[in-house]
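Asker: the following block contains a protein sequence and its predicted model.
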Amino acid sequence: MKLGIHCNHLGHVEERIAGNRLHHGEFYNFRREDLPNLKHWLLDNNIAMSIHTPLARVDWYPRPPTWSFLCDPDKEKRELNIKLVIETLDYAEEFGAQYIVVHFPAPPQSDISYLSDQKLRDTALGSADGLAELSARRKIPIHIEGFGPSPFLSTEFLIEVLGQYTSLSYCFDSAHMKLSALRDGFDYFGFLEQIAPYVASVHLWNTRGPQDYEDYRHIPVHPSQKREEGWVDIPRVIDVLKPIVPSATVILESSERYPPALGGYDYRDGVEWVRQLLKE
């Protein structure tokens, strides 16, 4: 499994990638004027790239740009989301990105009280079909990342989609799935074991639950985080995935700031910890 790190600002690139002796970066929401410098740096340093939609900040999409409308009954919102994906694919072609990540399935942002379950399902499947067609036509893999609360964040729905559309793969997010499992009451590692054959990338960060997320958002992984204290069991996540999808890319998806209230640890200790887990 390959190790990379998330960057959303040009100032992060040197410190997070080169500073940790990494060779892959996943990039998100950069200022458009910084993209030429980013492209030159990646080429000069032979860095592999993936993109978390969107690569460039836009003023025509609702904030935050991680919002997904692909399961939304509002057709105009879905079309706006697809426009954002298409622009990201354009950048992926220009930069030679290995893949892009798109949030799907995701909670509807519009009123759905008047819609049947079948109508919602048809809408979600229609968006999956659109993503798969774009991926196949542009010859750029799309990794879908489930984001809750969504009625379609289930192994049954995801395996149906990923089994039907081979141009799509799954991006497993270690902490968002922890939050979903706590909220929806499903077995975290049961989910992971079932979805594992379809996983092509992993987002690693940690949380103990909703209060951590509210207070600190994406907490860097660190060897001090013990499962008996409520943290995601990161070694077990890697142990499940590594023999099944050894070519998957693991992205450390957090900032370098470890919350002082939780110990203020050096995030680089977490980078080395994961590097060693991937080797073992």
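Answerer: That came through, no problem. Numbers count the residues shown, from 1 in each chain.

Asker: for the rest of this, base every contact and every neighbour count on C-alpha atoms.
Answerer: Will do.

Asker: list the buried residues for the worst-scoring helix or strand of the chain on mean pLDDT?
Answerer: Confidence across the helices and strands of the chain bottoms out at helix 10-16, with a mean of 93, counting by mean pLDDT, DSSP states H and E. Of the residues in helix 10-16, those buried by neighbour count under the rule 16 or more other Cα atoms under 10 Å are Leu10, His12, Val13, Arg16.

Asker: same check, this time on stretch 121-139
Answerer: Within stretch 121-139, the residues that qualify as buried by neighbour count (16+ other Cα under 10 Å) are Thr123, Ala124, Leu125, Ser127, Ala128, Asp129, Leu131, Ala132, Leu134, Ser135.

Asker: can you pick out the most distant pair from those residues?
Answerer: The largest distance within the buried residues of stretch 121-139, taken as Cα to Cα, falls between Thr123 and Ser135 and amounts to 18.6 Å.

Asker: hang on, the earlier thing: chain center to the least confident helix or strand of the chain, what's the gap?
Answerer: Centroid displacement of helix 10-16 relative to its chain, using Cα atoms, centre = their mean, to the nearest Å, is 19 Å.

Asker: what element comes up after it heading to the C-terminus?
Answerer: Counting by DSSP states H and E, the next helix or strand C-terminal to helix 10-16 is strand 24-27.

Asker: save the buried residues of stretch 121-139 as CSV, and put in secondary structure too.
Answerer: Formatted as CSV, the buried residues of stretch 121-139 follow (DSSP: H, G, I helix; E, B strand; the rest coil):
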residue, secondary structure
Thr123, helix
Ala124, helix
Leu125, helix
Ser127, helix
Ala128, helix
Asp129, helix
Leu131, helix
Ala132, helix
Leu134, helix
Ser135, helix
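
Asker: list the contacts of Gln109.
Answerer: When contacts are counted by Cα atoms under 8 Å, 6 or more residues apart in numbering, Gln109 touches Phe69, Asp72.

Asker: doesn't it fall inside a strand?
Answerer: No - counting by three-state DSSP, Gln109 is located in no strand; its state is coil.

Asker: Leu179 versus that one, what's the distance?
Answerer: Relative to Leu179, Gln109 is positioned 19 Å away (criterion: Cα to Cα, to the nearest Å).

Asker: quick one: residues in contact with the helix or strand where Lys39 lies.
Answerer: Taking DSSP H and E as the definition, Lys39 sits inside helix 35-45. Residues from elsewhere that reach helix 35-45 (Cα under 8 Å, 6+ apart): Leu10, Ala48, Met49, Ala56, Phe95.

Asker: please enumerate the helices of the stretch 51-200 of the chain.
Answerer: Under the criterion DSSP state H, counting those that start in this stretch, the stretch 51-200 of the chain carries helices at the ranges 75-95, 117-138, 155-164, 174-184, 188-195.

Asker: same for the longest one, what does it pack against?
Answerer: What that stands for is helix 117-138. In this structure, helix 117-138 makes packing contacts with helix 75-95, strand 142-145, strand 168-173, judged by 3 or more Cα pairs under 8 Å, 6 or more residues apart in numbering; DSSP states H and E.

Asker: need the residues that contact it.
Answerer: With Cα under 8 Å, 6+ apart as the contact definition, helix 117-138 has outside contacts at 70-73, 78, 86, 89, 105, 141-142, 152, 161, 165-168.

Asker: contacts only, for the most far-flung residue of the chain relative to its centre.
Answerer: Ranked by distance from the centre of the chain (Cα atoms, centre = their mean), the top residue is Tyr114, with 30.8 Å. Contacts here follow Cα under 8 Å, 6+ apart; on that basis Tyr114 touches nothing.

Asker: make residue 1 into 14 and carry on from there
Answerer: Shifting the count to begin at 14 puts that one at Tyr127.

Asker: that one and Leu195, how far apart?
Answerer: Distance, Tyr127 to Leu195, using Cα to Cα: 28 Å.

Asker: which pLDDT value does the model give Ala149?
Answerer: Note on Ala149: pLDDT of 98.

Asker: for the helix or strand hosting Val287, name the packing helices and strands.
Answerer: Element membership of Val287 [criterion: DSSP H and E] is helix 280-292. Using 3+ Cα pairs under 8 Å, 6+ apart as the contact criterion, the elements in contact with helix 280-292 are helix 247-254.
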